[in-house]
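Trainee: got a structure for you, letters missing:
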């Protein structure tokens, strides 16, 4: 199995992914007019880390499903881990996934070369505040994908495959409202879930 880093994932700091979670939390406390009434002490008990991990698992599952719908079956794909920095000054959350060699070979036969070239330039061109440790020209990368490419390079290949089959990374969690509602509720701390249950009971009374 090889490990891939999903470089296209924006992380949770002030991103669409944190907004997705925030919206679902608000929906748990919406009245009949759609206005949220979150208890004042809710966030003193709230911890988002478990939700973020489950969100990332769903994110990977959706990648796998969207690719299969586009004719690219990667059955070995699975969530490996979520890595979060202590501070978000220079880096953000990273999702790592695992794929076997057979599925990586499948990706090699799918990607569009120009798209991969552009993706490499996007991620690995040095600029102010960022010095790349990789060449930004795909022609300088080894042809031995299975032997020489590391997690970042393999993750770039996966992103190029997604773009080749016209799956935009920012759209991977679209149309997952019901899944997101269950994901957020089931992974709330017990005290927060009690507040949701109390609100639901009072609303129904």
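Mentor: Ah, there it is. In this text, all values refer to a predicted model and were calculated from it rather than measured experimentally. Numbers count the residues shown, from 1 in each chain.
Trainee: how about low-confidence regions in this structure?
Mentor: 177 (pLDDT under 70).
Trainee: Could I get the full set of strands for the chain?
Mentor: In the chain, the strands defined using DSSP state E lie at 2-5, 78-83, 94-99.
Trainee: Of those strands, flag the one that's most buried.
Mentor: For those, the largest average neighbour count (mean count of other Cβ atoms under 10 Å) is found in strand 94-99, namely a mean of 21. (C-beta placed from N, C-alpha, C; glycine too.)
Trainee: helices or strands up against that strand?
Mentor: strand 2-5, helix 49-69, strand 78-83, helix 151-164 (3 or more Cβ pairs under 8 Å, 6 or more residues apart in numbering; DSSP states H and E).
Trainee: returning to that earlier point: which among the strands of the chain is found nearest to residue 160?
Mentor: Of all these, it is strand 2-5 that lies closest to residue 160, at 12.0 Å by Cβ to Cβ.
Trainee: and the closest one, what does it pack onto?
Mentor: For strand 2-5, the packing partners by 3+ Cβ pairs under 8 Å, 6+ apart are strand 94-99, helix 151-164.
Trainee: related to what we said a few turns ago, for the strands of the chain, which one sits closest to residue 133?
Mentor: Residue 133 sits nearest to strand 2-5 of all the strands of the chain, at 13.2 Å, using Cβ to Cβ.
Trainee: on that earlier part again, would you turn the strands of the chain into CSV with distance to residue 180?
Mentor: As requested, the strands of the chain are exported to CSV (distance: least, Cβ to Cβ, whole Å):
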stretch, distance to residue 180
strand 2-5, 24
strand 78-83, 16
strand 94-99, 17
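Trainee: closest to residue 72 out of these?
Mentor: Comparing these by Cβ to Cβ, strand 94-99 comes nearest, at 11.8 Å.
Trainee: ok, back up a step: quick one: closest of the helices and strands packed on strand 94-99 to residue 192.
Mentor: Nearest to residue 192 among these is helix 49-69 (10.3 Å), distances taken as Cβ to Cβ.
Trainee: What residues sit buried inside that closest one?
Mentor: 51-64, 66-67 (16 or more other Cβ atoms under 10 Å).
Trainee: Which two among the residues you listed are spaced furthest apart?
Mentor: 51 and 67 (24.7 Å).
Trainee: picking that back up, may I see the helices and strands packed on strand 94-99 organised as a markdown table, with distance to residue 11 added?
Mentor: Output for the helices and strands packed on strand 94-99, formatted as a markdown table (distance: least, Cβ to Cβ, whole Å):
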| stretch | distance to residue 11 |
| --- | --- |
| strand 2-5 | 12 |
| helix 49-69 | 10 |
| strand 78-83 | 10 |
| helix 151-164 | 14 |
